[in-house]
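A.B. asks: here is a sequence with its predicted model. Questions after.
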Amino acid sequence: MHLIISGVGFVFVIIDDREIVTAGYASAFEREGYATLELHSQELADWLSVAPHSDLEAVEGFLLGAGGDRTGFPAIIRKRCAETPLIVLEDQPNLEVTLEFFTAGVDDVLRKPVHVKEILARIGAIRRRHLIEDKGVETGPIQVFFDGRDPIVGGEDMVLPRRERRILEYLVRNAGRRVTKSQLFNAVYGVMNEEVDECVVESHISKLRKELRTRLGFDPGECTRYIGYMLKTGISSKAELKD
């Protein structure tokens, strides 16, 4: 188990001692374009203690399943991730246990089985309540959201395949900073995905830049070989680019 996931974006951390459960949810999130980190209950505290701040900022939500002292986990998580959505996935919920979880600081308790799309919708609702991403994040003429909505580019919605949408979201969140091909791959495909070649990112980036050039009239991205990609900041129009 890798405990450091530096450079990975848009990660859901799944805590459950049953590998069949974590593998099932990891696969379902992957189909929706999200990376995951699967932990056993005894690994959670260790990971939180060593994970750098940049990794914790990349976590979109925690999903707490079976294993360990679950009512004690929210306090451990909140020490480093005070506002990150935390959802409990309960096999056989009852009122007493549900109330204990809410008292401990979780955001929601869901009865299994539950579809990943519902989890994503609830995560989005939690974030909106926290006023984190209700307006999205924007740089220049590009505005992205993190709840499945298409980005707004040049003042209009832009429909993108989910992989390219996730890459654009990652670039906007890191606008002005250079990110590597590995970082983009991990953000979209997952940190331990060995079934897909990392070079696929180059194809996604090429298609995304072409779409952005068509919409904006210029390329807001910058690519430096062996160094990485960057979304430029402070450009709002083709005229400004020429200036």
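C.D. replies: Great, that's in hand.

A.B. asks: which elements pack onto the longest helix seen in the chain?
C.D. replies: Taking DSSP state H as the criterion, the chain has its longest helix at helix 200-216. Applying 3 or more C-beta pairs under 8 Å, 6 or more residues apart in numbering; DSSP states H and E, one finds that helix 200-216 contacts strand 152-153, helix 162-173, helix 181-189, strand 221-224. Backbone N, C-alpha and C define where each C-beta goes, glycine included.

A.B. asks: now tell me what touches the shortest one from outside.
C.D. replies: Contacts with strand 152-153, where a contact means C-beta atoms under 8 Å, 6 or more residues apart in numbering, come from 136, 138, 141-144, 158, 212, 215-216.

A.B. asks: before we move on, the earlier item: could you dump the helices and strands packed on helix 200-216 into JSON lines with mean pLDDT and distance to A82 added?
C.D. replies: JSON lines is the format used below for these (pLDDT from 0 to 100; distance: least, C-beta to C-beta, whole Å):
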{"stretch": "strand 152-153", "mean pLDDT": "94", "distance to A82": "29"}
{"stretch": "helix 162-173", "mean pLDDT": "89", "distance to A82": "19"}
{"stretch": "helix 181-189", "mean pLDDT": "79", "distance to A82": "23"}
{"stretch": "strand 221-224", "mean pLDDT": "84", "distance to A82": "33"}
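
A.B. asks: isn't I126 right next to D108, touching?
C.D. replies: Yes - counting by C-beta atoms under 8 Å, I126 does reach D108; the two are 6.9 Å apart.

A.B. asks: which neighbours do those two share?
C.D. replies: Contacts common to I126 and D108, judged by C-beta under 8 Å, 6+ apart, are 85, 87.

A.B. asks: for the chain, what spans make up the helices?
C.D. replies: Assigned helices in the chain, in chain order: 19-31, 41-50, 53-57, 73-78, 95-104, 116-129, 162-173, 181-189, 200-216, 238-242 (criterion: DSSP H).

A.B. asks: figure out which of the ones you listed is closest to Y226.
C.D. replies: Each of the helices of the chain has some distance to Y226 by C-beta to C-beta; the shortest is helix 181-189, at 9.5 Å.

A.B. asks: okay, the angle between that closest one and helix 162-173?
C.D. replies: With axes from the mean of the first three to the mean of the last three C-alpha atoms, to 10 degrees defining the directions, helix 181-189 sits at 120 degrees from helix 162-173.

A.B. asks: chain center to helix 181-189, what's the gap?
C.D. replies: 11 Å (C-alpha atoms, centre = their mean, to the nearest Å).

A.B. asks: and it, what's buried?
C.D. replies: Neighbour counts over helix 181-189 (16 or more other C-beta atoms under 10 Å) mark 181, 183-189 as buried.

A.B. asks: export those residues to a markdown table and tack on distance to R165?
C.D. replies: Putting these into a markdown table (distance: C-beta to C-beta, whole Å) gives the following:
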| residue | distance to R165 |
| --- | --- |
| K181 | 18 |
| Q183 | 17 |
| L184 | 13 |
| F185 | 15 |
| N186 | 16 |
| A187 | 12 |
| V188 | 10 |
| Y189 | 14 |
